[in-house]
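In: give me a 3D structure for the following:
(chains A and B)
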Amino acid sequence: MDKYQEILSEIDKDGNDEEMVVVLNKLSKYNVPKPTAAMTSSLLYNLKAVLQENDSNDGVPILKPINRVAIERSASDGSLLSVLRLVKPQLAILSWRFMAVTSLIIFAGIFLTNGDRDSLIFLTNGAPILGLLTLFYEHRAELYGTNELEASCPYTPAQLAGARIIVTLGYTIIVCLTATGMIALSFSDMLTNEKVLLWKTILAWLAPMVFFLGVALAVSLRLGAMYGCGTAFIMWVAKVIFEQSDVGRSLIQISLVGNGLIQRMPMILLVIGLILIAIYLRCMRVENMDYSQEG
Amino acid sequence: MAVIISDEELARQLQQGNETALETIVSRYHSKIFSYIYRMSKNYHSANDITQEVFIKICRNIKKYNPELLFKTWIYTIASNTCKDYLKSAYVQKTIHGLEMPDTIRDYEDTPEEFLQKQDEREAIIEVLNQLGDIHREVVVLRFYEDLKLEEIALVLNIPVGTVKSRLSNGLHNLKKLLKEGGEEFG
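Out: All right, here's what the predicted structure looks like:
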(Lines give C-alpha, C1' and ligand atoms only; values in the text may rest on other atoms or scores of the structure.)
Protein backbone atom coordinates (compact mmCIF):
# COMPACT_ATOMS: atom_id res chain seq x y z
CA MET A 1 0.00 0.00 0.00
CA ASP A 2 2.90 2.37 0.69
CA LYS A 3 4.08 1.84 -2.85
CA TYR A 4 0.60 2.67 -4.14
CA GLN A 5 0.43 5.85 -2.09
CA GLU A 6 3.89 6.84 -3.25
CA ILE A 7 2.92 6.40 -6.90
CA LEU A 8 -0.38 8.20 -6.45
CA SER A 9 1.29 11.14 -4.76
CA GLU A 10 3.79 11.33 -7.63
CA ILE A 11 0.91 11.86 -10.04
CA ASP A 12 -0.77 14.30 -7.64
CA LYS A 13 -3.55 11.93 -6.69
CA ASP A 14 -4.97 11.29 -3.28
CA GLY A 15 -3.85 8.00 -1.74
CA ASN A 16 -7.53 7.15 -1.23
CA ASP A 17 -8.41 7.48 -4.91
CA GLU A 18 -10.29 4.19 -5.14
CA GLU A 19 -10.31 3.94 -8.92
CA MET A 20 -6.56 4.43 -9.16
CA VAL A 21 -5.99 1.90 -6.41
CA VAL A 22 -8.06 -0.57 -8.47
CA VAL A 23 -5.85 0.14 -11.50
CA LEU A 24 -2.72 -0.47 -9.46
CA ASN A 25 -4.22 -3.66 -8.06
CA LYS A 26 -4.92 -4.85 -11.59
CA LEU A 27 -1.34 -4.04 -12.59
CA SER A 28 -0.06 -6.18 -9.75
CA LYS A 29 -1.76 -9.22 -11.33
CA TYR A 30 0.72 -9.15 -14.20
CA ASN A 31 3.27 -11.69 -13.06
CA VAL A 32 6.01 -12.70 -15.42
CA PRO A 33 7.94 -15.94 -15.76
CA LYS A 34 11.43 -15.85 -14.32
CA PRO A 35 14.56 -16.94 -16.17
CA THR A 36 15.49 -20.52 -15.36
CA ALA A 37 18.72 -21.54 -13.64
CA ALA A 38 19.88 -23.01 -16.94
CA MET A 39 19.35 -19.65 -18.68
CA THR A 40 21.35 -17.88 -15.99
CA SER A 41 24.19 -20.41 -16.23
CA SER A 42 24.27 -20.13 -19.99
CA LEU A 43 24.31 -16.33 -19.74
CA LEU A 44 27.21 -16.40 -17.27
CA TYR A 45 29.16 -18.77 -19.49
CA ASN A 46 28.79 -16.44 -22.48
CA LEU A 47 29.60 -13.35 -20.45
CA LYS A 48 32.81 -14.83 -19.09
CA ALA A 49 33.94 -15.40 -22.67
CA VAL A 50 33.22 -11.72 -23.41
CA LEU A 51 35.24 -10.68 -20.35
CA GLN A 52 38.19 -12.69 -21.61
CA GLU A 53 37.89 -11.07 -25.03
CA ASN A 54 37.89 -7.66 -23.33
CA ASP A 55 41.19 -8.48 -21.67
CA SER A 56 42.84 -9.47 -24.92
CA ASN A 57 41.54 -6.44 -26.79
CA ASP A 58 42.71 -3.60 -24.63
CA GLY A 59 43.99 -1.03 -27.06
CA VAL A 60 43.28 2.38 -28.44
CA PRO A 61 40.29 2.09 -30.72
CA ILE A 62 40.80 3.39 -34.20
CA LEU A 63 37.53 2.72 -35.95
CA LYS A 64 33.83 2.74 -35.23
CA PRO A 65 32.29 -0.59 -34.16
CA ILE A 66 32.58 -3.27 -36.83
CA ASN A 67 32.17 -7.00 -36.45
CA ARG A 68 35.52 -8.56 -35.56
CA VAL A 69 35.04 -11.67 -37.62
CA ALA A 70 34.39 -9.61 -40.72
CA ILE A 71 37.59 -7.64 -40.19
CA GLU A 72 39.60 -10.82 -39.72
CA ARG A 73 38.25 -12.11 -43.03
CA SER A 74 39.56 -9.04 -44.82
CA ALA A 75 43.14 -9.89 -43.89
CA SER A 76 43.08 -12.93 -46.12
CA ASP A 77 41.28 -11.47 -49.12
CA GLY A 78 42.90 -8.66 -51.05
CA SER A 79 41.47 -9.56 -54.44
CA LEU A 80 40.72 -6.55 -56.65
CA LEU A 81 38.25 -8.68 -58.56
CA SER A 82 36.08 -9.10 -55.48
CA VAL A 83 36.05 -5.34 -55.02
CA LEU A 84 35.10 -4.78 -58.64
CA ARG A 85 32.31 -7.31 -58.30
CA LEU A 86 30.89 -5.12 -55.57
CA VAL A 87 30.90 -1.96 -57.67
CA LYS A 88 27.67 -2.75 -59.50
CA PRO A 89 25.54 -3.32 -56.37
CA GLN A 90 27.15 -0.31 -54.70
CA LEU A 91 26.33 1.74 -57.77
CA ALA A 92 22.70 0.78 -57.24
CA ILE A 93 22.86 2.67 -53.94
CA LEU A 94 23.26 5.85 -55.96
CA SER A 95 19.69 6.20 -57.16
CA TRP A 96 19.10 7.48 -60.67
CA ARG A 97 17.29 10.46 -59.13
CA PHE A 98 20.40 11.44 -57.20
CA MET A 99 22.56 11.14 -60.30
CA ALA A 100 20.07 13.05 -62.43
CA VAL A 101 19.71 15.92 -59.97
CA THR A 102 23.40 16.33 -59.15
CA SER A 103 24.61 16.11 -62.72
CA LEU A 104 21.88 18.52 -63.85
CA ILE A 105 23.02 21.03 -61.23
CA ILE A 106 26.62 20.80 -62.43
CA PHE A 107 25.71 21.10 -66.11
CA ALA A 108 23.25 23.91 -65.42
CA GLY A 109 25.98 25.76 -63.55
CA ILE A 110 28.33 25.43 -66.52
CA PHE A 111 25.59 26.60 -68.85
CA LEU A 112 24.62 29.58 -66.73
CA THR A 113 28.22 30.73 -66.42
CA ASN A 114 28.54 30.66 -70.22
CA GLY A 115 31.27 28.04 -70.32
CA ASP A 116 34.13 30.44 -69.69
CA ARG A 117 36.50 31.18 -66.80
CA ASP A 118 33.58 31.52 -64.34
CA SER A 119 32.59 28.01 -65.35
CA LEU A 120 36.04 26.80 -64.37
CA ILE A 121 35.71 28.45 -60.98
CA PHE A 122 32.25 26.92 -60.59
CA LEU A 123 33.58 23.47 -61.49
CA THR A 124 36.65 23.79 -59.27
CA ASN A 125 34.45 24.65 -56.29
CA GLY A 126 31.59 22.37 -57.25
CA ALA A 127 33.58 19.16 -57.81
CA PRO A 128 34.50 18.66 -54.12
CA ILE A 129 30.87 19.25 -53.11
CA LEU A 130 29.69 16.73 -55.68
CA GLY A 131 32.25 14.26 -54.33
CA LEU A 132 31.19 14.81 -50.72
CA LEU A 133 27.50 14.57 -51.58
CA THR A 134 28.11 11.32 -53.44
CA LEU A 135 30.13 9.95 -50.53
CA PHE A 136 27.41 10.98 -48.10
CA TYR A 137 24.72 9.42 -50.27
CA GLU A 138 26.66 6.17 -50.59
CA HIS A 139 27.01 5.97 -46.83
CA ARG A 140 23.56 7.25 -45.85
CA ALA A 141 22.63 3.82 -44.46
CA GLU A 142 24.91 4.72 -41.52
CA LEU A 143 22.11 7.00 -40.34
CA TYR A 144 20.03 3.86 -39.78
CA GLY A 145 22.76 2.04 -37.84
CA THR A 146 23.52 -0.61 -40.43
CA ASN A 147 27.26 -0.85 -39.87
CA GLU A 148 27.04 -4.06 -37.90
CA LEU A 149 24.58 -5.59 -40.35
CA GLU A 150 26.91 -4.78 -43.26
CA ALA A 151 29.83 -6.24 -41.37
CA SER A 152 28.00 -9.55 -41.10
CA CYS A 153 27.76 -9.80 -44.92
CA PRO A 154 30.16 -12.09 -46.77
CA TYR A 155 32.08 -9.13 -48.19
CA THR A 156 34.52 -7.47 -45.85
CA PRO A 157 34.34 -3.84 -44.77
CA ALA A 158 37.55 -3.18 -46.73
CA GLN A 159 36.00 -4.53 -49.93
CA LEU A 160 32.83 -2.51 -49.39
CA ALA A 161 34.90 0.59 -48.71
CA GLY A 162 36.95 0.04 -51.87
CA ALA A 163 33.85 -0.44 -54.00
CA ARG A 164 32.21 2.68 -52.60
CA ILE A 165 35.31 4.78 -53.23
CA ILE A 166 35.37 3.54 -56.83
CA VAL A 167 31.71 4.44 -57.25
CA THR A 168 32.10 7.87 -55.60
CA LEU A 169 35.23 8.82 -57.52
CA GLY A 170 33.99 7.26 -60.73
CA TYR A 171 30.66 9.05 -60.75
CA THR A 172 32.14 12.40 -59.75
CA ILE A 173 34.95 12.16 -62.31
CA ILE A 174 32.56 11.23 -65.11
CA VAL A 175 30.25 14.17 -64.36
CA CYS A 176 33.12 16.63 -64.01
CA LEU A 177 34.88 15.35 -67.13
CA THR A 178 31.66 15.85 -69.05
CA ALA A 179 31.40 19.36 -67.63
CA THR A 180 35.04 19.98 -68.61
CA GLY A 181 34.18 18.88 -72.10
CA MET A 182 31.33 21.39 -72.19
CA ILE A 183 33.70 24.14 -71.09
CA ALA A 184 36.33 23.05 -73.61
CA LEU A 185 33.84 23.22 -76.47
CA SER A 186 32.76 26.73 -75.58
CA PHE A 187 36.18 28.04 -74.58
CA SER A 188 37.99 28.17 -77.90
CA ASP A 189 41.48 28.87 -76.48
CA MET A 190 41.40 25.51 -74.77
CA LEU A 191 41.01 23.76 -78.09
CA THR A 192 44.16 25.31 -79.57
CA ASN A 193 46.24 24.61 -76.45
CA GLU A 194 44.35 21.43 -75.91
CA LYS A 195 46.77 19.22 -74.06
CA VAL A 196 48.18 21.66 -71.53
CA LEU A 197 45.05 23.56 -70.58
CA LEU A 198 42.74 20.55 -70.51
CA TRP A 199 45.15 18.77 -68.23
CA LYS A 200 45.37 21.80 -65.94
CA THR A 201 41.61 22.26 -66.00
CA ILE A 202 41.05 18.68 -64.96
CA LEU A 203 43.65 18.94 -62.22
CA ALA A 204 42.05 22.17 -60.97
CA TRP A 205 38.86 20.32 -59.97
CA LEU A 206 40.23 16.81 -59.48
CA ALA A 207 42.81 17.80 -56.87
CA PRO A 208 40.46 19.55 -54.40
CA MET A 209 37.83 16.86 -54.95
CA VAL A 210 40.23 14.04 -54.09
CA PHE A 211 41.68 16.05 -51.21
CA PHE A 212 38.31 16.71 -49.57
CA LEU A 213 37.18 13.14 -50.15
CA GLY A 214 40.40 11.99 -48.48
CA VAL A 215 39.73 14.26 -45.51
CA ALA A 216 36.13 12.99 -45.22
CA LEU A 217 37.24 9.36 -45.32
CA ALA A 218 40.10 9.91 -42.85
CA VAL A 219 37.78 11.63 -40.36
CA SER A 220 35.19 8.89 -40.87
CA LEU A 221 37.64 6.36 -39.44
CA ARG A 222 37.05 7.91 -36.04
CA LEU A 223 33.66 9.60 -36.30
CA GLY A 224 31.74 7.92 -39.10
CA ALA A 225 31.00 8.96 -42.66
CA MET A 226 28.42 11.58 -41.68
CA TYR A 227 30.83 13.56 -39.51
CA GLY A 228 33.58 12.97 -42.04
CA CYS A 229 31.53 14.59 -44.80
CA GLY A 230 30.52 17.38 -42.43
CA THR A 231 34.13 18.14 -41.52
CA ALA A 232 35.25 18.17 -45.14
CA PHE A 233 32.31 20.41 -46.03
CA ILE A 234 33.29 22.93 -43.35
CA MET A 235 36.85 22.94 -44.67
CA TRP A 236 35.53 23.49 -48.18
CA VAL A 237 33.43 26.47 -47.02
CA ALA A 238 36.53 27.91 -45.30
CA LYS A 239 38.49 27.45 -48.54
CA VAL A 240 35.84 29.24 -50.62
CA ILE A 241 35.65 32.12 -48.13
CA PHE A 242 39.44 32.38 -48.10
CA GLU A 243 39.57 32.53 -51.88
CA GLN A 244 37.16 35.46 -51.83
CA SER A 245 39.35 37.38 -49.40
CA ASP A 246 42.13 39.79 -50.50
CA VAL A 247 44.88 37.40 -49.45
CA GLY A 248 43.16 34.57 -51.27
CA ARG A 249 42.77 36.54 -54.46
CA SER A 250 46.45 37.56 -54.38
CA LEU A 251 47.50 33.95 -54.01
CA ILE A 252 45.30 32.96 -56.95
CA GLN A 253 46.92 35.67 -59.07
CA ILE A 254 50.38 34.44 -58.07
CA SER A 255 49.42 30.88 -58.94
CA LEU A 256 48.70 31.88 -62.53
CA VAL A 257 52.34 32.79 -63.19
CA GLY A 258 55.67 31.23 -62.29
CA ASN A 259 56.60 27.79 -60.97
CA GLY A 260 56.63 28.02 -57.17
CA LEU A 261 55.00 25.95 -54.46
CA ILE A 262 51.66 27.68 -54.94
CA GLN A 263 51.59 26.62 -58.59
CA ARG A 264 52.19 23.03 -57.51
CA MET A 265 49.44 23.19 -54.89
CA PRO A 266 46.84 21.25 -56.94
CA MET A 267 49.29 18.37 -57.37
CA ILE A 268 50.16 18.49 -53.67
CA LEU A 269 46.48 18.41 -52.73
CA LEU A 270 45.90 15.50 -55.09
CA VAL A 271 48.75 13.52 -53.56
CA ILE A 272 47.61 14.27 -49.99
CA GLY A 273 44.09 13.22 -50.91
CA LEU A 274 45.29 9.95 -52.42
CA ILE A 275 47.42 9.25 -49.36
CA LEU A 276 44.44 9.85 -47.06
CA ILE A 277 42.29 7.50 -49.15
CA ALA A 278 45.04 4.88 -49.03
CA ILE A 279 45.29 5.25 -45.24
CA TYR A 280 41.51 4.84 -44.99
CA LEU A 281 41.57 1.64 -47.03
CA ARG A 282 44.54 0.33 -45.06
CA CYS A 283 42.83 1.00 -41.75
CA MET A 284 39.71 -0.83 -42.91
CA ARG A 285 41.86 -3.94 -42.99
CA VAL A 286 43.32 -3.52 -39.47
CA GLU A 287 42.42 -6.35 -37.08
CA ASN A 288 42.33 -4.74 -33.65
CA MET A 289 39.04 -2.96 -33.42
CA ASP A 290 36.98 -1.40 -30.68
CA TYR A 291 33.59 -2.99 -31.10
CA SER A 292 32.03 -1.31 -28.07
CA GLN A 293 28.47 -0.43 -28.73
CA GLU A 294 26.08 1.74 -26.92
CA GLY A 295 26.54 2.49 -23.21
CA MET B 1 27.76 -10.22 9.29
CA ALA B 2 27.90 -10.24 5.50
CA VAL B 3 28.84 -6.94 3.90
CA ILE B 4 26.68 -6.00 0.96
CA ILE B 5 28.80 -4.62 -1.85
CA SER B 6 27.22 -1.76 -3.75
CA ASP B 7 26.45 -2.09 -7.44
CA GLU B 8 28.96 0.65 -8.22
CA GLU B 9 31.75 -1.21 -6.40
CA LEU B 10 30.84 -4.40 -8.25
CA ALA B 11 31.02 -2.48 -11.51
CA ARG B 12 34.49 -1.21 -10.59
CA GLN B 13 35.58 -4.76 -9.92
CA LEU B 14 34.03 -5.93 -13.17
CA GLN B 15 36.05 -3.28 -14.98
CA GLN B 16 39.14 -5.10 -13.66
CA GLY B 17 37.79 -8.36 -15.11
CA ASN B 18 36.63 -9.83 -11.79
CA GLU B 19 34.41 -12.81 -12.59
CA THR B 20 32.97 -12.99 -9.08
CA ALA B 21 31.69 -9.45 -9.50
CA LEU B 22 30.13 -10.51 -12.79
CA GLU B 23 28.34 -13.43 -11.11
CA THR B 24 26.98 -11.14 -8.40
CA ILE B 25 25.75 -8.58 -10.91
CA VAL B 26 24.04 -11.29 -12.95
CA SER B 27 22.41 -12.78 -9.85
CA ARG B 28 21.11 -9.32 -8.86
CA TYR B 29 19.91 -8.13 -12.22
CA HIS B 30 19.22 -11.07 -14.52
CA SER B 31 15.69 -11.61 -13.25
CA LYS B 32 14.90 -7.88 -13.09
CA ILE B 33 16.15 -7.10 -16.57
CA PHE B 34 14.46 -10.20 -17.94
CA SER B 35 11.11 -9.25 -16.41
CA TYR B 36 11.40 -5.67 -17.70
CA ILE B 37 12.23 -6.81 -21.21
CA TYR B 38 9.55 -9.49 -21.09
CA ARG B 39 6.91 -6.88 -20.29
CA MET B 40 8.17 -4.68 -23.11
CA SER B 41 8.65 -7.38 -25.74
CA LYS B 42 5.72 -9.59 -24.71
CA ASN B 43 7.55 -12.72 -25.79
CA TYR B 44 9.46 -15.15 -23.57
CA HIS B 45 12.04 -16.27 -26.12
CA SER B 46 12.66 -12.77 -27.41
CA ALA B 47 13.08 -11.58 -23.83
CA ASN B 48 15.74 -14.24 -23.29
CA ASP B 49 17.63 -13.21 -26.41
CA ILE B 50 17.41 -9.50 -25.69
CA THR B 51 18.44 -9.97 -22.06
CA GLN B 52 21.51 -11.87 -23.18
CA GLU B 53 22.36 -9.08 -25.61
CA VAL B 54 21.94 -6.50 -22.85
CA PHE B 55 24.36 -8.25 -20.55
CA ILE B 56 26.87 -8.75 -23.34
CA LYS B 57 26.73 -5.01 -24.03
CA ILE B 58 27.20 -4.33 -20.33
CA CYS B 59 30.33 -6.48 -20.31
CA ARG B 60 31.72 -5.00 -23.50
CA ASN B 61 31.09 -1.42 -22.38
CA ILE B 62 31.91 -1.82 -18.70
CA LYS B 63 35.10 0.21 -19.08
CA LYS B 64 33.04 3.13 -20.34
CA TYR B 65 30.87 3.09 -17.21
CA ASN B 66 31.53 5.97 -14.80
CA PRO B 67 31.34 4.57 -11.22
CA GLU B 68 30.15 7.94 -9.94
CA LEU B 69 26.83 7.35 -11.69
CA LEU B 70 24.18 4.89 -10.59
CA PHE B 71 24.91 1.46 -12.04
CA LYS B 72 21.23 0.57 -11.98
CA THR B 73 20.25 3.44 -14.27
CA TRP B 74 23.14 2.58 -16.61
CA ILE B 75 21.97 -1.02 -16.93
CA TYR B 76 18.37 -0.04 -17.49
CA THR B 77 19.42 2.51 -20.10
CA ILE B 78 21.16 -0.22 -22.07
CA ALA B 79 18.17 -2.51 -21.60
CA SER B 80 15.70 0.15 -22.72
CA ASN B 81 17.69 1.06 -25.83
CA THR B 82 18.36 -2.56 -26.78
CA CYS B 83 14.70 -3.41 -26.40
CA LYS B 84 13.64 -0.47 -28.55
CA ASP B 85 16.10 -1.39 -31.29
CA TYR B 86 14.84 -4.94 -31.25
CA LEU B 87 11.18 -3.97 -31.38
CA LYS B 88 11.83 -1.52 -34.20
CA SER B 89 13.51 -4.09 -36.41
CA ALA B 90 11.55 -5.03 -39.47
CA TYR B 91 12.09 -8.70 -38.85
CA VAL B 92 10.39 -8.53 -35.47
CA GLN B 93 7.50 -6.48 -36.74
CA LYS B 94 6.97 -8.85 -39.61
CA THR B 95 7.45 -12.22 -38.01
CA ILE B 96 7.12 -12.07 -34.23
CA HIS B 97 4.09 -9.84 -33.77
CA GLY B 98 0.96 -11.87 -34.19
CA LEU B 99 2.74 -15.06 -33.25
CA GLU B 100 2.81 -14.31 -29.53
CA MET B 101 1.13 -16.81 -27.28
CA PRO B 102 0.36 -15.79 -23.74
CA ASP B 103 2.79 -17.48 -21.38
CA THR B 104 1.19 -19.23 -18.48
CA ILE B 105 2.48 -18.86 -14.96
CA ARG B 106 1.23 -21.41 -12.55
CA ASP B 107 1.33 -21.25 -8.79
CA TYR B 108 0.95 -24.91 -7.89
CA GLU B 109 -0.88 -24.09 -4.68
CA ASP B 110 -3.80 -22.69 -6.67
CA THR B 111 -6.87 -24.69 -7.40
CA PRO B 112 -7.76 -24.98 -11.09
CA GLU B 113 -10.45 -22.34 -10.64
CA GLU B 114 -8.05 -19.95 -8.93
CA PHE B 115 -5.47 -20.59 -11.64
CA LEU B 116 -7.99 -19.79 -14.38
CA GLN B 117 -9.15 -16.65 -12.63
CA LYS B 118 -5.61 -15.42 -12.15
CA GLN B 119 -4.84 -16.23 -15.77
CA ASP B 120 -7.88 -14.23 -16.92
CA GLU B 121 -6.90 -11.26 -14.77
CA ARG B 122 -3.35 -11.45 -16.04
CA GLU B 123 -4.41 -11.57 -19.67
CA ALA B 124 -6.81 -8.67 -19.14
CA ILE B 125 -4.09 -6.40 -17.77
CA ILE B 126 -1.64 -7.54 -20.45
CA GLU B 127 -4.15 -6.60 -23.09
CA VAL B 128 -4.75 -3.09 -21.74
CA LEU B 129 -1.02 -2.53 -21.21
CA ASN B 130 -0.43 -3.49 -24.83
CA GLN B 131 -2.99 -0.90 -25.88
CA LEU B 132 -1.09 1.84 -24.09
CA GLY B 133 1.30 3.91 -26.16
CA ASP B 134 4.92 2.76 -25.98
CA ILE B 135 6.10 5.90 -24.18
CA HIS B 136 3.46 5.49 -21.46
CA ARG B 137 3.87 1.75 -21.09
CA GLU B 138 7.60 2.09 -20.67
CA VAL B 139 7.26 4.56 -17.79
CA VAL B 140 4.50 2.56 -16.11
CA VAL B 141 6.59 -0.63 -16.31
CA LEU B 142 9.73 1.05 -15.01
CA ARG B 143 7.91 2.74 -12.14
CA PHE B 144 5.45 0.06 -11.07
CA TYR B 145 7.26 -3.17 -11.80
CA GLU B 146 10.94 -2.18 -11.68
CA ASP B 147 10.46 0.27 -8.76
CA LEU B 148 12.67 2.91 -10.31
CA LYS B 149 12.23 6.42 -8.93
CA LEU B 150 11.08 9.19 -11.25
CA GLU B 151 14.56 10.70 -11.30
CA GLU B 152 16.08 7.33 -12.22
CA ILE B 153 13.52 6.82 -15.00
CA ALA B 154 14.38 10.28 -16.31
CA LEU B 155 18.05 9.28 -16.53
CA VAL B 156 17.26 5.96 -18.17
CA LEU B 157 15.00 7.45 -20.81
CA ASN B 158 16.97 10.69 -21.09
CA ILE B 159 13.90 12.86 -20.56
CA PRO B 160 13.04 15.50 -17.93
CA VAL B 161 11.53 14.37 -14.65
CA GLY B 162 8.42 16.41 -15.43
CA THR B 163 7.92 14.42 -18.61
CA VAL B 164 8.26 11.16 -16.69
CA LYS B 165 5.64 12.35 -14.25
CA SER B 166 3.18 13.36 -16.95
CA ARG B 167 3.70 10.12 -18.88
CA LEU B 168 3.13 8.11 -15.72
CA SER B 169 0.00 10.08 -14.93
CA ASN B 170 -1.35 9.82 -18.48
CA GLY B 171 -0.43 6.14 -18.65
CA LEU B 172 -2.33 5.29 -15.47
CA HIS B 173 -5.32 7.38 -16.52
CA ASN B 174 -5.39 5.68 -19.90
CA LEU B 175 -5.20 2.31 -18.20
CA LYS B 176 -8.19 3.24 -16.07
CA LYS B 177 -10.12 4.30 -19.14
CA LEU B 178 -9.22 1.14 -21.06
CA LEU B 179 -10.15 -1.07 -18.14
CA LYS B 180 -13.53 0.63 -17.87
CA GLU B 181 -14.12 0.25 -21.59
CA GLY B 182 -13.23 -3.41 -21.21
CA GLY B 183 -15.98 -3.84 -18.67
CA GLU B 184 -13.81 -4.01 -15.56
CA GLU B 185 -15.56 -2.99 -12.39
CA PHE B 186 -14.29 -0.14 -10.28
CA GLY B 187 -15.75 -0.45 -6.81
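In: show the low-confidence segments of the stretch 101-250 of chain A, by residue range.
Out: A:115-116, A:145-156, A:187-197 (pLDDT under 70).
In: just the helices in the chain please.
Out: In the absence of a named chain, this looks at chain A. Along chain A, the segments classed as helices by DSSP state H run A:2-10, A:18-27, A:37-56, A:68-75, A:80-93, A:96-112, A:117-138, A:147-151, A:157-186, A:188-192, A:194-223, A:225-244, A:246-255, A:265-283.
In: wrong one, I was asking about chain B
Out: Going by DSSP H, chain B shows helices at B:7-15, B:19-41, B:44-61, B:71-88, B:90-91, B:112-131, B:134-140, B:150-157, B:161-181.
In: quick check: residues of the stretch 1-150 of chain A near chain B?
Out: Within reach of chain B by CB under 8 Å from any CB of the partner chain, the stretch 1-150 of chain A has these residues: A:3, A:7, A:10-12, A:18-20, A:22-24, A:26-27, A:29-35, A:39-40, A:43-44, A:46-48, A:50-51, A:54-55, A:145. C-beta here means a position set from N, CA and C on the backbone, and glycine is covered the same way.
In: could you tell me the least trusted of the helices of chain B?
Out: Ranked on mean pLDDT, the bottom entry among these is helix B:90-91, at a mean of 51.
In: which segments of chain B make up each domain?
Out: B:1-100, B:102-187 (automatic domain parsing).
In: can you redo the helices of chain B as TSV with mean neighbour count and distance to chain A?
Out: Shown next, in TSV, are those (neighbours: other CB atoms under 10 Å in any protein chain shown; distance: least, CB to the nearest CB, whole Å):
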stretch	mean neighbour count	distance to chain A
helix B:7-15	18	8
helix B:19-41	20	5
helix B:44-61	20	3
helix B:71-88	20	6
helix B:90-91	8	11
helix B:112-131	15	4
helix B:134-140	20	7
helix B:150-157	20	6
helix B:161-181	18	4
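In: tell me the centre residue of the chain?
Out: By default, I'm working from chain A. Central residue of chain A (CA atoms, centre = their mean): residue A:225, 2.4 Å from the mean position.
In: actually chain B
Out: By CA atoms, centre = their mean, the most central residue of chain B is residue B:36, 1.5 Å off.
In: turn the helices of chain B into TSV, including distance to residue A:80.
Out: Shown next, in TSV, are these (distance: least, CB to CB, whole Å):
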stretch	distance to residue A:80
helix B:7-15	44
helix B:19-41	45
helix B:44-61	34
helix B:71-88	36
helix B:90-91	34
helix B:112-131	53
helix B:134-140	48
helix B:150-157	48
helix B:161-181	54
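In: select, out of the ones you listed, the one closest to residue A:108.
Out: Closest of the helices of chain B to residue A:108 is helix B:90-91, at 38.4 Å (criterion: CB to CB).
In: can I get the helices of chain A in JSON lines with distance to residue B:8?
Out: Shown next, in JSON lines, are the helices of chain A (distance: least, CB to CB, whole Å):
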{"stretch": "helix A:2-10", "distance to residue B:8": "24"}
{"stretch": "helix A:18-27", "distance to residue B:8": "30"}
{"stretch": "helix A:37-56", "distance to residue B:8": "18"}
{"stretch": "helix A:68-75", "distance to residue B:8": "30"}
{"stretch": "helix A:80-93", "distance to residue B:8": "45"}
{"stretch": "helix A:96-112", "distance to residue B:8": "50"}
{"stretch": "helix A:117-138", "distance to residue B:8": "42"}
{"stretch": "helix A:147-151", "distance to residue B:8": "30"}
{"stretch": "helix A:157-186", "distance to residue B:8": "37"}
{"stretch": "helix A:188-192", "distance to residue B:8": "71"}
{"stretch": "helix A:194-223", "distance to residue B:8": "30"}
{"stretch": "helix A:225-244", "distance to residue B:8": "32"}
{"stretch": "helix A:246-255", "distance to residue B:8": "55"}
{"stretch": "helix A:265-283", "distance to residue B:8": "36"}
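In: not counting sequence-adjacent ones, nearest residue to residue B:148?
Out: residue B:142 (4.8 Å; CB to CB, 6 or more residues apart in numbering or on different chains).
In: my read: that neighbour touches residue B:156, true?
Out: Yes - between residue B:142 and residue B:156 there is a contact at 6.7 Å, judged by CB atoms under 8 Å.
In: for residue A:284, find the nearest of the helices of chain B.
Out: Set against residue A:284 and scored by CB to CB, those come closest in helix B:44-61, at 21.3 Å.
In: now for the closest one, which elements pack on it?
Out: helix A:37-56, helix B:19-41, helix B:71-88 (3 or more CB pairs under 8 Å, 6 or more residues apart in numbering or on different chains; DSSP states H and E).
In: could you export the ones you listed as TSV, including distance to residue B:163?
Out: Formatted as TSV, these follow (distance: least, CB to CB, whole Å):
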stretch	distance to residue B:163
helix A:37-56	33
helix B:19-41	19
helix B:71-88	15
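In: those: which one's closest to residue B:110?
Out: By CB to CB (comparing all of these), the closest turns out to be helix B:19-41, at 20.4 Å.
In: how many other residues sit next to residue A:142?
Out: Using other CB atoms under 10 Å in any protein chain shown, residue A:142 is surrounded by 18 other residues.
In: skipping adjacent residues, who's closest to it in space?
Out: residue A:225 (5.3 Å).
In: if I look at the one you found, how far off is residue A:165?
Out: The gap separating residue A:225 from residue A:165 is 12 Å, by CB to CB, to the nearest Å.
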